[in-house]
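Q: can't give you the sequence, but here's the structure:
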C-alpha cells in the first residue's frame, strides 16, 4: 500500500525539485545577465524563473491529488471504527462566519477549511475540521501574508445550559471581543496559564467549577498552550493552533503507518474531549 503511493509521490517530488532549481538559478543569474544585456536580460531570466515556479506548483498539485485519494479511503475507514455514525467530507469545512461566531477567531483576509468530520459519541454531536486563516499586511512597498491560525477547530454539544458567552483562552495571543469582562478565579495556577473572558461573572463560575478548571488545565498542558475554548449557545468550541495540517500527505515526507496512527490519535482526541469534559452528562439539563 505505502510503496505504491511513495513511488508515485517521489516522481512528482523530483519534478518539483527541478522546478525549484530552475527558478533559483534564474534568480541568481538575473543580476549578472541584466547588467550585461540590459532590459533584455530581464526577459531572458523571467521566463525560466516563472516557468520553474509554475512547473513546481503543478507537480505540488499532483501530490495534493494523491493525498486527497488517500484521505478519502483511509481517514473514512479508520473513522467509522471509532465513530460508526460519522461522516468524513475531505473537501468541506467550517464557513468562516461559523468560526468567527464562536468568538475565538476574527475573520481574516484569507480563509481555508477542509477535512470536515461530523459524528456523535455517547449522545454528543460534534463537528470538526482543519482551519487556516491568513492576514495580508501591506506596508505600501511590500506585502506580507501572515498565518494567524492553523489547526483543528471543534464544535461539541454541551449539555450544561448557560445564558452568557464565556471564553477561556491563552494569555498572550488573545484580543478581547467587545462586551467581555476579564474574570479571575481563586486558583493562581489557572489564572497564570489561562485567561477567562465572560459576559457575566456569575455565569462563568457556574460553568467553571474547580474540577472542570483542572480538566481545562490538563488539556492546556497536553496541547502545549495552543488550545482555547468558547462556551456559547449550549455549544463548546475548541480551537488548537498547532500549525498542523492533520490528514494530508506532505511532499518529501514518507507515507507510512505513522500517518494512519495520526488519524487514530485525532479520533481518540475527539472522544477524549467528550469523556474528559463530561459533555455526555445530562445532569444539568
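A: Nice, thanks for sending it over. Just so you know, these numbers come straight off a predicted model, no measurement behind them. Numbers count the residues shown, from 1 in each chain.
Q: next one: phi and psi at the spatially closest residue to residue 219 that is not a sequence neighbour?
A: Among residues not flanking residue 219 along the chain, residue 227 sits closest, at 5.7 Å (CB to CB, 6 or more residues apart in numbering). All C-beta atoms are positioned from the backbone trio N, CA, C, and that covers glycine. Note on residue 227: backbone dihedrals following degrees, to the nearest 10 are phi -110, psi 140.
Q: do you know how far residue 227 is from residue 187?
A: Using CB to CB, to the nearest Å, residue 227 is found at 18 Å from residue 187.
Q: Have a look at the two and say which one is more surrounded.
A: In terms of neighbours (other CB atoms under 10 Å), residue 227 is the more surrounded of residue 227 and residue 187; the figures are 23 against 15.
Q: Which helix or strand in the protein has the lowest average pLDDT?
A: Sorting the helices and strands of the chain by mean pLDDT, DSSP states H and E puts helix 201-207 at the bottom, at a mean of 83.
Q: Can you tell me which helices and strands it packs against?
A: The helices and strands touching helix 201-207, judged by 3 or more CB pairs under 8 Å, 6 or more residues apart in numbering; DSSP states H and E, are strand 166-169, strand 181-183.
Q: thinking again about what came up before, pretty sure the residue nearest to residue 219 contacts residue 239?
A: Yes: using CB atoms under 8 Å, residue 227 is in contact with residue 239, at 7.3 Å.
Q: Quick check: which helices or strands does the longest helix seen in the chain pack against?
A: Of all the segments of type helix in the chain, defined by DSSP state H, the longest one is helix 39-82. When contacts are defined as 3+ CB pairs under 8 Å, 6+ apart, helix 39-82 packs onto helix 2-37, strand 87-89, strand 110-121, helix 257-276.
Q: ok, residues contacting the second one?
A: Contacts to strand 87-89, defined as CB atoms under 8 Å, 6 or more residues apart in numbering, come from residues 72, 75, 76, 79, 115, 116, 117, 118, 119.
Q: The third one and residue 263, how far apart?
A: Here residue 76 is placed at a distance of 10 Å from residue 263 (CB to CB).
Q: The two: who's more crowded?
A: Per other CB under 10 Å, whichever of residue 76 and residue 263 has more neighbours is residue 263, with 20 against 16.
Q: ranking the contacts of strand 87-89 by neighbours, who comes first?
A: Neighbour counts for the contacts of strand 87-89 (other CB under 10 Å) peak at residue 117, which has 25 neighbours.
Q: Could you tell me which residues make contact with that one?
A: By CB under 8 Å, 6+ apart, the residues touching residue 117 are 79, 83, 86, 87, 88, 89, 126, 127, 128, 129, 270.
Q: let's go with 7 Å and repeat that
A: Residues near residue 117 by CB atoms under 7 Å, 6 or more residues apart in numbering: 79, 86, 88, 127, 128, 129.
Q: Show me which of those residues is closest to residue 259.
A: residue 79 (14.2 Å; CB to CB).
Q: got a list of what residue 225 touches?
A: Counting by CB under 7 Å, 6+ apart, residue 225 has contacts residue 170.
Q: Could you report the pLDDT at it?
A: As predicted, residue 225 sits at a pLDDT of 94.
Q: List phi and psi for it.
A: Main-chain torsions, residue 225, degrees, to the nearest 10: phi 60, psi 30.
Q: Can you tell me how far it is from residue 84?
A: Between residue 225 and residue 84 the computed distance is 34 Å (CB to CB).
Q: Equivalent analysis for residue 40, please.
A: For residue 40, the distance to residue 84 - CB to CB - is 66 Å.
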